[in-house]
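>>> coordinates only, no sequence provided:
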């Protein structure tokens, strides 16, 4: 029985309540998912609960790059650059459909952050630390070569460029792929289940009382070790445990804007200077280009941080000053997202100066908390936590995740992913679907795309009156219901398909038939159906307009 099938939720909750686990994880973002996979693959008995959807917090709101952190080299954090730089290749090998090679262009401009000599040396050190080989090693470009790579750059201030290797990803799909892989190793993972109370016996933490937000009932889950991997919520859990002492979180907000690619037709991913001395990314992705990020202190509500007018103006002004021919306005913004970085506070440091290193805290009750870190470094962060628990348990099995393929990633190379996407594209072209659809499916689902295509063929026969776009969306929906624990419209349109960020018009076109099908499949009342419609409409409003 697949316990990530939406219909099997009650069976999952029953098992969670009945069994005692070696590790209970609070938090279903990339860190919690990574710990679940590491621990389960070593043979430990693992449970995970997430109060929202998997990856709904920080882990679906990053710049969506698996990158080494070039700016941390400038800060002198060579150990961090070496670790996350090396991890890029491992995560790419394990999930080649989700972690895609992406050449990055660093334009060198008059008065910019990096001069030519410093850039050349810095990128060389970056390659050495990260173990980059062959054609992926950095190349320094002349002004003319840089303009060929990206004609939109301002020729008046351009001096040249650095060209180096990074990786692009879908952070939410990566998190979900890890959850699904952990599930195959026996980890029990439940979304929309909130840890509402920590349970103790004789002063030691022994479990968590959990509220199921789908059925509105509660269960107790018992475990030998409780791990708090809740990102921005880490300190709230520590406070409940009466262990919020010493180091604390420092939350900063990062915002990204999405515009139509025709409005900002980049040929090339860029990491470029902005007037206040920071640097931001602009990444072309299919039909859109996205821009980010900001880095500002945050003290508001942790759920659903908002993009403000000030955030949007900052990013648009930065683009317009670097690319004078573009002239983006607020009306050009199709969607946006805002996420929180759960960093470790350091007195006197600005948001951009704070370290991205992770730290583990242990309390007197036995609660283990992990905070800080980067998306790229999730695997090593997870290993450090599981190594700690394994030592306490005298468990001798070592970490195996360096060689575990993430669900859907059964490809020998990136070239094999591209070849499969071309094959799928030829099939879909006959259905009247555009060139981006095959790339979207394969990059989201990898080898699981075949299951979706089989469902597409079924629905094409069952509902011949539907458009190819709706038929495909129905196929995706049923795949997700059977394999990916979806319970709300937002689960599907945001973290399973990415449409809310990258194709928001398709959400408007598809929302009603998808809502009605989810009502049938999940047994929603009219009240639940309406609540889902309203929640999605409100969220879409915040993504398209700013506070």
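Nice, thanks for sending it over. Bear in mind that the values here come from a model prediction, so they are computed numbers and not experimental data. Numbering: from 1, shown residues only.
>>> let me know the outermost residue of this protein.
For the chain, the largest distance from the centre (CA atoms, centre = their mean) belongs to residue 202, which lies 38.7 Å off.
>>> list the contacts for that residue?
Contact analysis of residue 202 by CB atoms under 8 Å, 6 or more residues apart in numbering lists nothing. The C-beta positions use only the backbone N, C-alpha and C, and glycine is treated the same way.
>>> grab the nearest non-local neighbour of residue 438.
Leaving aside its chain neighbours, residue 438 sits nearest to residue 425 (3.5 Å; criterion: CB to CB, 6 or more residues apart in numbering).
>>> just checking, that neighbour touches residue 439?
Yes - between residue 425 and residue 439 there is a contact under CB atoms under 8 Å: 7.5 Å.
>>> one step back: confirm that the residue nearest to residue 438 sits in a helix.
Yes - the assignment for residue 425 is a helix, going by DSSP: H, G, I helix; E, B strand; the rest coil.
>>> what's the helix or strand for the nearest residue to residue 413 once chain neighbours are set aside?
Spatially, and ignoring its direct neighbours in sequence, residue 413 is nearest to residue 96 (6.7 Å; CB to CB, 6+ apart). Secondary structure assignment for residue 96, by DSSP states H and E: no helix or strand.
>>> so for residue 96, what's the pLDDT?
Note for residue 96: predicted pLDDT of 97.
>>> how near is it to residue 405?
9 Å (CB to CB, to the nearest Å).
>>> neighbour count: the two, which is higher?
Between residue 96 and residue 405, counted using other CB atoms under 10 Å, the more crowded position is residue 96 (26 against 16).
>>> contact partners for the more buried one?
409, 411, 413, 414, 416, 417, 446.
>>> filter these to the buried ones?
409, 411, 414, 417, 446 (16 or more other CB atoms under 10 Å).
>>> can I assume the second one is in contact with residue 442?
Okay, so that is residue 411. No - checked against CB under 8 Å, the pair residue 411 and residue 442 is beyond contact range at 9.4 Å.
>>> hey, what's in contact with both of these two?
What both residue 411 and residue 442 touch, as defined by CB under 8 Å, 6+ apart, is the set 97, 417, 420.
>>> what is the neighbour count of the last one?
When counting by other CB under 10 Å, one arrives at 19 neighbours for residue 420.
>>> just the element for it, please.
helix 414-429.
>>> which strands or helices does that helix pack on?
strand 100-109, helix 435-445, helix 449-462 (3 or more CB pairs under 8 Å, 6 or more residues apart in numbering; DSSP states H and E).
>>> export the contacts of residue 96 as CSV, with columns for pLDDT and distance to residue 160.
Below are these laid out as CSV (pLDDT from 0 to 100; distance: CB to CB, whole Å):
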residue, pLDDT, distance to residue 160
409, 98, 37
411, 97, 36
413, 93, 32
414, 93, 28
416, 97, 35
417, 97, 32
446, 98, 38
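>>> count the neighbours of the residue nearest to residue 438 for me.
18.
>>> check residue 330 too.
The number of residues packed near residue 330 is 12, by other CB under 10 Å.
>>> how about the nearest residue to it, chain neighbours excluded?
Going by CB to CB, 6+ apart, residue 330 has residue 312 as its nearest residue, at 6.4 Å.
>>> got a list of what that neighbour touches?
255, 257, 330, 333, 336, 546.
>>> spatially nearest residue to the residue most central in space within the chain (excluding sequence neighbours)?
Residue closest to the average C-alpha location in the chain (CA atoms, centre = their mean): residue 171, at 2.0 Å. Leaving aside its sequence neighbours, residue 171 sits nearest to residue 62 (CB to CB, 6+ apart; 4.8 Å).
>>> tell me the SS of that neighbour?
Going by three-state DSSP: residue 62 is coil.
>>> so what's it up against?
171, 254, 339, 375.
>>> now do it against residue 254, distance only.
8 Å.
>>> shared neighbours, those two?
residue 339.
>>> lowest-scoring secondary structure element of this protein by mean pLDDT?
Every helix and strand in the chain was compared by mean pLDDT, DSSP states H and E; the lowest is helix 70-74, with a mean of 67.
>>> point out the other helices and strands that the next helix or strand along the chain from that one packs with.
Sequence-wise, the next helix or strand downstream of helix 70-74 (DSSP H and E) is helix 78-94. Here helix 78-94 touches strand 65-66, helix 70-74, helix 116-130, strand 158-168, helix 378-393, going by 3+ CB pairs under 8 Å, 6+ apart.
>>> taking strand 158-168 as reference, get the angle to helix 78-94.
60 degrees (axes from the mean of the first three to the mean of the last three CA atoms, to 10 degrees).
>>> please identify the helix or strand for the closest residue to residue 334 other than its chain neighbours.
Nearest residue to residue 334, sequence neighbours excluded (CB to CB, 6+ apart): residue 258, at 5.1 Å. Using DSSP H and E, residue 258 falls within strand 249-260.
>>> packing partners for that strand?
Where contact means 3+ CB pairs under 8 Å, 6+ apart, strand 249-260 is packed against strand 288-292, strand 296-297, helix 309-322, strand 333-344.
>>> low-confidence regions, this structure specifically.
The chain contains residues with pLDDT under 70 at 69-76, 346-356, 547.
>>> now do 80
Applying pLDDT under 80 to the chain flags residues 68-81, 84-85, 112-115, 118, 126, 129-133, 346-357, 543-547.
>>> residue 37 contacts residue 178, doesn't it?
Yes - assessed by CB under 8 Å, residue 37 is found in contact with residue 178 at 5.3 Å.
>>> the two - which one has more neighbours?
residue 178 (34 against 31).
>>> with adjacent residues omitted, what lies nearest to that one?
Here the residue nearest residue 178, using CB to CB, 6+ apart, is residue 33, at 4.1 Å.
>>> residues in contact with that neighbour?
Counted by CB under 8 Å, 6+ apart, residue 33 has contacts 48, 54, 55, 59, 175, 176, 178, 179, 182, 189, 378.
>>> the residues you listed: which two are farthest apart?
The most widely separated members of the contacts of residue 33, counting by CB to CB, are 189 and 378 (15.4 Å).
>>> element containing residue 181, please.
Per DSSP H and E: helix 171-184 holds residue 181.
>>> report the next helix or strand after that helix in sequence order.
Note on helix 171-184: by DSSP H and E, the next helix or strand toward the C-terminus is strand 188-190.
>>> which strands and helices sit next to that following strand?
Partner elements for strand 188-190 (3+ CB pairs under 8 Å, 6+ apart): helix 9-18, strand 46-49, helix 171-184.
>>> hmm, try it at 10 Å
helix 9-18, strand 20-26, helix 30-41, strand 46-49, helix 171-184, strand 217-228 (3 or more CB pairs under 10 Å, 6 or more residues apart in numbering; DSSP states H and E).
>>> and residue 325, which of those is closest to it?
helix 171-184 (31.2 Å).
>>> nearest residue to residue 5 in space, please, no chain neighbours.
residue 482 (5.2 Å).
>>> can you measure across stretch 41-50, start residue to end residue?
20 Å (CA to CA, to the nearest Å).
>>> how far out from the middle of the chain is stretch 323-332?
27 Å (CA atoms, centre = their mean, to the nearest Å).
>>> for that stretch, buried residues please.
Quick answer for stretch 323-332 (16+ other CB under 10 Å): 323, 326, 328, 332.
>>> helix, strand, or coil at the third one?
Same thing as residue 328. Assignment for residue 328 (three-state DSSP): coil.
>>> what's the burial count for the spatially closest residue to it that is not a sequence neighbour?
Leaving out its chain neighbours, the residue that sits closest to residue 328 by CB to CB, 6+ apart is residue 316, at 5.0 Å. By the measure other CB under 10 Å, the count of residues near residue 316 is 20.
>>> same question, residue 219
If we define neighbours as other CB under 10 Å, then residue 219 has 17 of them.
>>> mind listing what the residue nearest to it when sequence neighbours are not counted touches?
Once flanking residues are discounted, residue 219 sits nearest to residue 17: 4.1 Å by CB to CB, 6+ apart. Listed by CB atoms under 10 Å, 6 or more residues apart in numbering, the contact set of residue 17 reads 210, 218, 219, 220, 221, 222.
>>> from what I see, the last one and residue 47 are in contact.
Yes - proximity of residue 222 to residue 47 meets the contact threshold set by CB atoms under 10 Å, at 9.2 Å.
>>> thanks a lot, catch you later.
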